[in-house]
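[1] no sequence on hand, only this structure:
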């Protein structure tokens, strides 16, 4: 294989569940929604949150105009705190590059991630980065994988895709011609789509080195 394309959340970086829920509870309270109603609205507009500006999302779910910028700033601060690589991630990426392996990143994410990205330890370690928020591409559509492989200059069949399985991303990678690898850090994957996974898997980022 000539390239490895990584998912971001819960693959290279842990998703901070408690902090995310606290942020959303605070937002729900400020706009006068119950936690359940806020969650329903957020889930109903999930794709919008990953492909359009946060201002569009917040207006759509009912945030008053005078509070939109405040909540956008809070999301940016959340990303700044959250985007911390898992143990061994940076060293593994550097080792892969030293071996001549091309590196890509595909992330379903809101706009805060690409905006904060240059400040993170992961910035500069990839040959191609595809963020749904800036490209409008999304998992598990083939286009997001094919565009990233093309940016790397590597045919899809010569790329691994490593991810935790959210957004049906592993099946999507396989349909696009990549070889999917499950990032399985727990006793059972979080996502139903990969509960019966029988393909390649790793339990930590450094284990990817054994595939290359």
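    Great, that's in hand. These numbers come from a predicted model, not from an experiment.

[2] so the closest residue to residue 117 other than its chain neighbours, which state does it fall into?
    Sequence neighbours aside, residue 123 is the residue nearest to residue 117 in space, at 5.6 Å (criterion: C-beta to C-beta, 6 or more residues apart in numbering). Glycine gets a C-beta too; all of them are placed from N, C-alpha and C. What DSSP: H, G, I helix; E, B strand; the rest coil gives for residue 123 is coil.

[3] residues in contact with stretch 160-171?
    Contacts of stretch 160-171 with the rest of the structure, by C-beta atoms under 8 Å, 6 or more residues apart in numbering, involve 1, 3-7, 9-11, 106, 108, 138-140, 145, 173, 178-185, 189-191, 193-194, 197, 199-200, 202, 208, 211-212.

[4] er, stretch 80-93 I mean
    Against stretch 80-93 from outside (C-beta under 8 Å, 6+ apart): 12-16, 19, 103, 113, 116-117, 119-122, 125-126, 204-206, 208-209.

[5] buried set for it?
    Applying a neighbour-count criterion of 16 or more other C-beta atoms under 10 Å, one finds 82, 83, 85, 86, 89, 90, 92, 93 buried in stretch 80-93.

[6] end-to-end on it?
    End-to-end distance for stretch 80-93: 21 Å, by C-alpha to C-alpha, to the nearest Å.

[7] and if you look at stretch 168-181?
    Taking C-alpha to C-alpha, stretch 168-181 runs 12 Å from one end to the other.

[8] I'd guessed residue 28 sits against residue 40; true?
    No - applying C-beta atoms under 8 Å as the test, residue 28 and residue 40 come out as separate, 10.7 Å apart.

[9] these two - which one has more neighbours?
    Just comparing residue 28 and residue 40: by other C-beta atoms under 10 Å the higher neighbour count belongs to residue 28, 20 against 13.

[10] pull the contacting residues for the more buried one.
    Contacts of residue 28 by C-beta under 8 Å, 6+ apart are 34, 35, 37, 38.
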